[in-house]
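Student: Here's my sequence, what's the structure:
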Amino acid sequence: MIKKQIDYFNVSQIAGSGQCFRMVPEEPGGPAGPRTETEGGWYRVISGEHFLRIRQENDIIEFDCPEAESGFWQRYFDLDTDYGAVIRGIPEKDRYLTEAARAGQGIRILRQDAWEMILSFIISQQKTIPMIQAAVEALSKAYGTRRTAADGQVYHSFPRPEQLSGVSLEDFKNLKLGYRAKYIHAICQDAASGALDLDHLAALDYAGAMEYLTGFYGIGTKVANCICLFGLHHIEAFPVDTWIQKILMREYYDGHKYRKIPRSRLCETMVRDHFDTGCGGILQQYIFNYERNVRSRRD
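Tutor: So this is what the prediction gives:
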C-alpha cells in the first residue's frame with residue numbers, strides 16, 4: 001500500500017470526468033459496480049495490462065498496487081504537473097471559468113494509452129458514460145488477456161491491435177456496438193496493416209496528430225480531439241460536442257464581436273479567444289464537470 005498527500009486530486013471527479021472508462025467504484029465487499037461516485041470507497045482502475053485499487057480520504061490518496069507499479073501510476077495520474085498553477089492562471093474576470101475550476105479542481109488529465117483511447121472514443125459516439133464503460137468492458141472481456149491482480153481479482157487487459165486483427169465485423173456487432181462496429185473493424189484492420197502507425201502518431205504534435213487521426217474512417221474532429229487530449233496528452237486540445245457548443249454560446253458569445261464570423265467557425269473562434277492558454281483541455285474538463293455535476297443539480 002502506498003499513501004501520498006496530493007493537492008488538486010479527487011478520485012471521484014476523475015472517475016466521472018468522461019475521459020476514462022475503466023476507473024469504476026467497487027461495491028463494498030465485491031467487484032466493481034455501476035456507480036460513478038463513492039465517499040472514501042475503493043475504485044478499480046485498469047489501464048492496458050495494469051491494475052490498481054485506489055481510494056481517498058481528504059488529500060491522502062491510497063494506491064493499492066505493487067511498489068514496482070508506482071512509477072506507472074505516478075505518470076498515469078499526471079502527478080508531476082502543477083494543476084494549481086493552471087487554476088491560478090485563469091483570468092479573474094472570467095467568473096464562470098473560475099467557478100468551474102474551483103468546483104472541479106480535483107480533475108487531472110490522465111496519461112492513457114493512445115490505442116485504448118482511439119477505440120474507446122470511437123465507441124463513445126452517441127453513448128452515455130455508463131454505456132461506454134459497459135462496451136469497453138465487454139470488448140476487453142471478449143478479446144483482452146485474462147489476468148489476476150495481487151489481491152486475487154480477475155480482470156482483462158484492453159486488447160492490443162494484434163488481438164483484434166482477426167475479429168470479424170459480425171463479431172464486433174455482437175458486442176452491441178451498433179453502427180460503431182464498422183468503425184472499430186476498420187481501424188483494427190488499419191492497425192494490423194500498418195496504415196495506422198501508433199509510433200508515428202505518438203511522435204506528432206497536436207496539429208499533426210489531428211490531421212493524421214481525422215484521415216481514418218469513423219474519426220471526426222471531436223473524437224480526434226478526445227484522443228489527442230486523453231491518449232496523447234496534448235493538453236491544448238479542446239473537444240467540442242453539442243453540449244460544449246451550448247455552453248460556449250451561453251457564456252462566451254458576443255454578438256458584436258462575433259457578428260461577422262461564419263457559424264461553422266464560431267465555436268472554434270470562441271475556443272481560440274478564451275481557452276488558447278496551452279492547457280485548454282484541462283479547462284474543458286472543468287467546464288464539463290461543472291455543467292454535469294454542479295449546475296445540473298443546482299438547476
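Student: could you pull out the strands for the stretch 101-250 of the chain?
Tutor: In chain order, the stretch 101-250 of the chain shows strands spanning 146-148, 154-156, with DSSP state E, counting those that start in this stretch as the criterion.
Student: ok, so what distance separates residue 14 from residue 77?
Tutor: 8 Å (CB to CB, to the nearest Å). All C-beta atoms are positioned from the backbone trio N, CA, C, and that covers glycine.
Student: meant to ask about residue 126
Tutor: The value you get for residue 126 to residue 77, if CB to CB is used, is 29 Å.
Student: With neighbour numbers in mind, choose between these two.
Tutor: residue 77 (23 against 9; other CB atoms under 10 Å).
Student: Return the most buried member of the strands of the stretch 101-250 of the chain.
Tutor: Comparing the strands of the stretch 101-250 of the chain by mean neighbour count (mean count of other CB atoms under 10 Å), strand 154-156 ranks first with a mean of 17.
Student: what residues go with each domain of this protein?
Tutor: 2-80, 114-231, 245-298 (automatic domain parsing).
Student: Of those, which is nearest residue 94?
Tutor: domain 245-298 (7.3 Å; CB to CB).
Student: before we move on, the earlier item: can you check which of the strands of the stretch 101-250 of the chain gets nearest to residue 250?
Tutor: So among the strands of the stretch 101-250 of the chain, strand 154-156 is nearest, using CB to CB, at 41.1 Å.
Student: Give me the buried stretch members for stretch 242-250, please.
Tutor: 244, 247-248 (16 or more other CB atoms under 10 Å).
Student: between those residues, which is closest to residue 107?
Tutor: Closest to residue 107, out of all of the buried residues of stretch 242-250 and judged by CB to CB, is residue 244, at 15.3 Å.
Student: my guess is the closest one meets residue 285, correct?
Tutor: No. Using CB atoms under 8 Å, residue 244 makes no contact with residue 285, being 10.8 Å away.
Student: how about the top strand by length along the chain: buried residues?
Tutor: Looking across the chain with DSSP state E, the single longest strand is strand 50-57. Judged by neighbour count (16+ other CB under 10 Å), strand 50-57 contains these buried residues: 50-56.
Student: Rebuild the residues you listed as CSV, extending it with distance to residue 196.
Tutor: Output for those, formatted as CSV (distance: CB to CB, whole Å):
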residue, distance to residue 196
50, 23
51, 27
52, 28
53, 33
54, 32
55, 37
56, 37
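Student: ok, the residues you listed vs residue 213, which is closest?
Tutor: residue 50 (24.4 Å).
Student: Distance-wise, check the closest one relative to residue 198.
Tutor: Taking CB to CB, one finds residue 50 at 18 Å from residue 198.
Student: Now the longest strand of the chain - C-alpha only, PDB.
Tutor: In PDB, the C-alpha atoms belonging to strand 50-57 read as follows (Å, rounded to 0.1, in the frame of the first residue of the first chain):
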ATOM      1  CA  HIS A  50      -2.000  -2.600 -15.300                       C
ATOM      2  CA  PHE A  51      -4.400  -2.900 -12.300                       C
ATOM      3  CA  LEU A  52      -4.900  -0.600  -9.400                       C
ATOM      4  CA  ARG A  53      -7.200  -0.100  -6.400                       C
ATOM      5  CA  ILE A  54      -7.300   3.500  -5.200                       C
ATOM      6  CA  ARG A  55      -9.200   5.500  -2.600                       C
ATOM      7  CA  GLN A  56      -9.100   8.900  -1.000                       C
ATOM      8  CA  GLU A  57      -9.600  10.400   2.500                       C
END
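Student: what residues does it touch?
Tutor: 9-12, 26, 40-46, 61-65, 69, 72-73, 76, 147, 149-151, 153, 155 (CB atoms under 8 Å, 6 or more residues apart in numbering).
Student: pLDDT averaged over that strand - what is it?
Tutor: Here strand 50-57 scores 95 as its mean pLDDT.
Student: Next: stretch 167-185.
Tutor: On average, stretch 167-185 scores 95.
Student: ditto for stretch 14-21
Tutor: Here the average pLDDT along stretch 14-21 is 94.
Student: Pull out the buried residues from that stretch.
Tutor: Quick answer for stretch 14-21 (16+ other CB under 10 Å): 14-21.
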